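>>> Generate coordinates for the sequence data below:
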Amino acid sequence: MNRVKELRKERGYTQIKMQHLTGIDQSDYSKIENGKRYLTFEQCRKIAVALNTSMDYLAGLTDEKKPYPRV
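Numbers count the residues shown, from 1 in each chain. The predicted structure is shown next:
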C-alpha cells in the first residue's frame, strides 16, 4: 500500500499517530503499509478518514486525493 504510506508521510504522521487516529494496532498498520497484510473494509474506511482521502484513492481506482463530499 504505497499510497497509504505516501499520504501518511505527506501529512507528517507517524505510524503511532495513525494508530491513535484509526484504532489499528501499529504493528498491523506497518504490515498494511508494507503489503504483508490486506486491509479490511473498515480499516480502509478509517485510514481514508484519518488521511482525508477516499477509499478509491487508497485502492488505486482514482488519482484524485480529495475525499468525496460527506452527506
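>>> Which parts of this protein are helices?
2-11, 15-22, 26-33, 41-50, 55-59 (DSSP state H).
>>> Give me the helices and strands touching the last one, please.
Counting contacts by 3 or more Cβ pairs under 8 Å, 6 or more residues apart in numbering; DSSP states H and E, helix 55-59 packs against helix 2-11, helix 41-50. Where you see a C-beta, it was placed from the backbone N, CA and C, and this is true even at glycine.
>>> Could you check how far the spatially most central residue of the chain is from Thr40?
By Cα atoms, centre = their mean, the chain has its centre lying nearest to Ile47, at 3.4 Å. Using Cβ to Cβ, to the nearest Å, we find Ile47 at a distance of 10 Å from Thr40.
>>> repeat for Thr62
21 Å.
>>> for Ala50, same thing?
15 Å.
>>> Extract the residue ranges of the chain that are flagged as low pLDDT.
Flagging of the chain using pLDDT under 70 yields the residue ranges 1.
>>> Identify the residues contacting Gly23.
Lys46 (Cβ atoms under 8 Å, 6 or more residues apart in numbering).
>>> surely the residue nearest to the centre of the chain meets Arg11?
No: with contacts counted by Cβ atoms under 8 Å, Ile47 stays clear of Arg11, the gap being 11.4 Å.
>>> Relative to Lys9, how far out is the residue nearest to the centre of the chain?
Ile47 is 14 Å from Lys9, by Cβ to Cβ.
>>> same deal with Ile24?
Taken as Cβ to Cβ, the span from Ile24 to Lys9 is 17 Å.
>>> So for those two, which residue has more residues nearby?
Ile24 (22 against 10; other Cβ atoms under 10 Å).
>>> separation between the more buried one and Asn34?
14 Å.
>>> Return the residues in contact with Lys46.
Leu21, Thr22, Gly23, Ile24.
>>> now the end-to-end length of stretch 19-33.
Terminal residues of stretch 19-33 lie 13 Å apart, using Cα to Cα, to the nearest Å.
>>> hang on, I meant stretch 7-16
First residue to last in stretch 7-16 (Cα to Cα) measures 15 Å.
>>> what do you get for stretch 9-18?
End-to-end for stretch 9-18, by Cα to Cα: 11 Å.
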